[in-house]
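Colleague: Predicted model follows, preceded by the sequence.
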Amino acid sequence: MPQGGRPDGALADLAGRRDALRQAVGLPGADPGSLVDAALTELDGAIDALAVALTAAPAERSDAPPDGLPGTAERRLLHAAFQRTPAALFLLEQDSTIRRANDRAAALLGFPAGYATGKPLTSFVDLPFRAALQTQLAAVARTGADRKANCRVLTSTGPLDATLTAAAVELPGDPPLFMVTVAPAGAGSAVAADGGEAAEDAAASAAPAVIEDTSDPAITAMTKRLDMVTSVTRLLLDNSTFSEAVTLQRCARLLAGELADWVIIDIDRGGQLRRQFAAGSRDGQADKLVRAVRSVDPDPESTPWQVHSTGKSVLLAHPDDPSVLGTGPGGTPLLMTLGATSLICVPISDGSTGYGALTLARQAANRPFSVADLGLAEDLGQHLANAIRVDRMFRRRSEVAESLQASLLPASLPTVPWLEFAAAYIGATQWQEISGDFYDVFPASDGWAIAVGDVCGKGQDAAAMTAAARHSIRALAHVHDTPADVLGAANQVLLAGDYGERFVTASLAFLRQRGRRVQVRLGGCGHPGPAVVRADGRVEILEADGMPLGLFGDLEASQVELELRAGDVLFFYTDGVTEARSADLAFFEDRLADELASVAGRSAAETVHAVQELVTSFSDGELRDDVTMLAVRVVP
């Protein structure tokens, strides 16, 4: 009876082998001759089955055991002969799984003899040759005749082109089994010889060649793994962008060049595992495969999904199920598309939170993954998880800081017929915390008020004091008539708050229209005085005076009065402008008056934009403190 026991089972097996042959045709390295031979073998089998169906049912083969079974001594002799035969032998079940592998076969694979037991023989064969081998084994089961297949066997030292000869074996009391002999390609006749020296030489050459190496392999492997961990650690620590996507991309490319032929990273996004990145050898074919791999998210039955959900790593030194990575866009298993013959998948987890799964795959040209490789991959998965956690924490804090910083500044500046406003804020490049700078423009009495200030320090405590200073100044401006009185009252508010040793410097100006001129009353508390930029190019930097807010109860704010004419600009700023430093450690304060003179007569927006570019260029983009500027211009 055909393999499968039932006609519908035999048909399903035939259809499965046909699909495997069809997929194998498109794999890199496929052998057209072997595949055509396998297809003809399947066609012969179909013709035989059809001929039987058109005639009478064949007589059932008698499975009655012989009269006598081998005794204990004979069984021991047969077992010893099998184990010590100088040829690589595999004894297979009817489903092509390995029941036993002799010593020479174990040496060929590079694993203990028991490792192969229970695994399909095809898992030790390169992907393009598996379908043809499965067809030839099915032909042996169907016909009982010996069959040969040219294959590439995956050994511990790399792939070996070999000829596999399969024969049916009848054992008393058991279903028929298969005996498969492995010989180097072209040496099949020598192996078939009965006990000749050629058979022994061919079988010996089937085992991996031992190349003398004066170095200790264990030390060499440990050194390579240590170098890999060091490289990944350096890459993660050098993540100046604090970008999760950039981190994963760089790490995947590093691992694809050093540890595996293919690296796949899947990340949990809202409870769904999404394919984040894939990297392979850098050539045109790999680019196409990368796009194909990235276009498909792992399904719940795939190994990456299972590893992420359970938090348990998986080592498949010789995967026998091609669907462990799911299927690609055309329905072909991704494992076959990538030509992967060895696989590791580890969780990306910091011990408490799982972020996804890291998958490493090797092709037949490289040795299979080992337990030591699994340990290294688990360490790398934990390092990646720590980097992701830091990136996300930093991003959340940055978002909170930006939102809080935005709340300390007005959403927009008012439109006034006789005044033109413009402002800019630039955060320090060396700090990522909330700034203490603030500015505000609001109506006061019979005109408008401008407040600019700076709180000592950064962070949430500084932000709280900034909010208190800004809002108290705005509210008190409706109660008091002069900027000095407003600042004095604000000082009492800040003293009543629990702000420790922090303090605030501030400038407050009241602007009132008086005919064709604008009257300015200015009060200051330790803040840099604003600059008056006349339309004709004259620049005056007003002196800073007074004590900061929030330190002493007997505060006296400085007071200045001046007039602005059409085209004049009053330019406010914080000490981030004056203390900006160049590469030769010069301060921008020494150039401020000259630079403002060069932009005289321009609009408020053009003045602010020009000074912003000058400060950034002067400091080469490295700002030591936050920069805040506000310009008000009298409309001609």
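Modeller: Perfect, I can see it now.

Colleague: quick one: least confident helix or strand in the protein?
Modeller: When each helix and strand of the chain is scored by mean pLDDT, DSSP states H and E, helix 188-192 comes last, with a mean of 40.

Colleague: Residues touching stretch 96-108, excluding its own?
Modeller: Contact partners of stretch 96-108, identified using Cβ atoms under 8 Å, 6 or more residues apart in numbering, comprise 82-93, 109, 112-113, 115-122, 134, 137, 153, 155, 160, 177-178, 182, 203, 206-208. C-beta: built from backbone N, CA, C; applies to glycine.

Colleague: Now a ChimeraX select for only the buried ones of those residues.
Modeller: Entered in ChimeraX, the line below selects the buried ones among those, by 16 or more other Cβ atoms under 10 Å:
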select :83,85,86,87,88,89,90,91,92,93,109,113,116,119,120,121,122,134,137,153,155,160,177,178,182,203,206,207
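
Colleague: Return the subset of the contacts of stretch 96-108 lying in strands.
Modeller: In this view, the contacts of stretch 96-108 that belong to strands under DSSP state E are 88-92, 153, 155, 160, 177-178, 182.

Colleague: Now render the residues you listed as TSV, adding distance to Ala484.
Modeller: Shown next, in TSV, are the ones in strands among the contacts of stretch 96-108 (distance: Cβ to Cβ, whole Å):
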residue	distance to Ala484
Ala88	99
Leu89	102
Phe90	98
Leu91	101
Leu92	99
Val153	92
Thr155	90
Leu160	92
Leu177	104
Phe178	102
Val182	98
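
Colleague: which among those gets closest to Val246?
Modeller: Thr155 (38.9 Å; Cβ to Cβ).

Colleague: Would you mind measuring from that closest one to Val125?
Modeller: Applying Cβ to Cβ, to the nearest Å, the value for Thr155 to Val125 is 11 Å.

Colleague: and if you look at Thr143?
Modeller: If you go by Cβ to Cβ, the gap between Thr143 and Val125 works out to 21 Å.

Colleague: From the neighbour counts alone, determine which of these two ranks first.
Modeller: Val125 (25 against 14; other Cβ atoms under 10 Å).

Colleague: Bridge partners for the closest residue to the more buried one other than its chain neighbours, pull those for me.
Modeller: Leaving aside its chain neighbours, Val125 sits nearest to Cys151 (5.0 Å; criterion: Cβ to Cβ, 6 or more residues apart in numbering). With DSSP bridges as the criterion, Cys151 is bridged to Ala162.

Colleague: Now do the helices in the stretch 1-150 of the chain.
Modeller: Along the stretch 1-150 of the chain, counting by DSSP state H, counting those that start in this stretch, helices occupy 7-25, 32-54, 72-84, 103-109, 127-143.

Colleague: among those, which gets the worst mean confidence?
Modeller: Mean pLDDT across the helices of the stretch 1-150 of the chain is lowest at helix 32-54; the value there is a mean of 62.

Colleague: By residue count, which helix of the protein is the longest?
Modeller: As assigned by DSSP state H, the longest helix anywhere in the chain is helix 371-407.

Colleague: average pLDDT for that one?
Modeller: 77.

Colleague: now the strand or helix carrying Asp590, how far from the centre of its chain.
Modeller: Element membership for Asp590 (DSSP states H and E) is helix 589-598. The gap between the average C-alpha position of helix 589-598 and the chain average comes to 47 Å, counting by Cα atoms, centre = their mean, to the nearest Å.

Colleague: Who are the packing partners of the helix or strand that it is followed by?
Modeller: Next in sequence after helix 589-598, counting helices and strands by DSSP H and E, comes helix 604-618. Other helices and strands packing on helix 604-618, by 3 or more Cβ pairs under 8 Å, 6 or more residues apart in numbering; DSSP states H and E, are strand 419-426, strand 569-573, helix 589-598, strand 627-634.

Colleague: hey, C-alpha coordinates of stretch 539-550 in PDB?
Modeller: What follows is stretch 539-550 as a C-alpha-only set of coordinates in PDB (Å, rounded to 0.1, in the frame of the first residue of the first chain):
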ATOM      1  CA  VAL A 539      22.000 101.200  19.400                       C
ATOM      2  CA  GLU A 540      21.800 101.700  23.100                       C
ATOM      3  CA  ILE A 541      22.200  98.800  25.500                       C
ATOM      4  CA  LEU A 542      20.300  99.700  28.700                       C
ATOM      5  CA  GLU A 543      22.100  98.900  32.000                       C
ATOM      6  CA  ALA A 544      20.800  96.000  34.100                       C
ATOM      7  CA  ASP A 545      20.000  97.000  37.700                       C
ATOM      8  CA  GLY A 546      18.100  95.800  40.800                       C
ATOM      9  CA  MET A 547      18.000  92.600  42.800                       C
ATOM     10  CA  PRO A 548      16.400  89.400  41.500                       C
ATOM     11  CA  LEU A 549      12.900  88.400  42.600                       C
ATOM     12  CA  GLY A 550      12.400  85.800  45.300                       C
END
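
Colleague: which ones are touching the residue nearest the centre of the chain?
Modeller: For the chain, the residue nearest the mean C-alpha position is Leu248 (2.2 Å; Cα atoms, centre = their mean). By Cβ under 8 Å, 6+ apart, Leu248 lies in contact with 265, 267, 276-277, 384, 388.

Colleague: try it again with 7 Å
Modeller: 265, 276-277 (Cβ atoms under 7 Å, 6 or more residues apart in numbering).

Colleague: I'd like the ones in strands among the contacts of stretch 96-108 as a markdown table, with distance to Gly330 and pLDDT appended.
Modeller: What follows is the ones in strands among the contacts of stretch 96-108, written out as a markdown table (distance: Cβ to Cβ, whole Å; pLDDT from 0 to 100):
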| residue | distance to Gly330 | pLDDT |
| --- | --- | --- |
| Ala88 | 36 | 88 |
| Leu89 | 38 | 89 |
| Phe90 | 33 | 90 |
| Leu91 | 37 | 88 |
| Leu92 | 31 | 89 |
| Val153 | 28 | 90 |
| Thr155 | 31 | 84 |
| Leu160 | 30 | 88 |
| Leu177 | 37 | 86 |
| Phe178 | 33 | 86 |
| Val182 | 33 | 90 |
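
Colleague: For Ala340, find the nearest of the helices and strands packed on helix 604-618.
Modeller: strand 419-426 (49.8 Å).

Colleague: Surely Leu374 and Leu316 touch.
Modeller: No. Leu374 is beyond contact range of Leu316, at 10.2 Å (criterion: Cβ atoms under 7 Å).

Colleague: okay, and the common contacts of the two?
Modeller: Listed as contacting both Leu374 and Leu316 by Cβ under 7 Å, 6+ apart is no residue at all.

Colleague: so what's Glu622 closest to, chain neighbours aside?
Modeller: Using Cβ to Cβ, 6+ apart, the closest residue to Glu622 is Thr429 (5.5 Å).

Colleague: The one you found falls within a strand, correct?
Modeller: No. Thr429 sits outside any strand when classified using DSSP: H, G, I helix; E, B strand; the rest coil, being coil.

Colleague: how close does it get to Asp626?
Modeller: Where Asp626 is concerned, Thr429 sits at a distance of 10 Å (Cβ to Cβ).

Colleague: So between these two, which is more surrounded?
Modeller: Neighbour count, other Cβ under 10 Å: between Thr429 and Asp626, Asp626 has more, with 22 against 14.

Colleague: and that one, what pLDDT?
Modeller: 85.

Colleague: heads up, I number from 132, so please use that
Modeller: Got it, first residue is 132 now, which makes that one Asp757.

Colleague: That one contacts Asp568, correct?
Modeller: Yes. Using Cβ under 7 Å, Asp757 is in contact with Asp568, at 4.7 Å.
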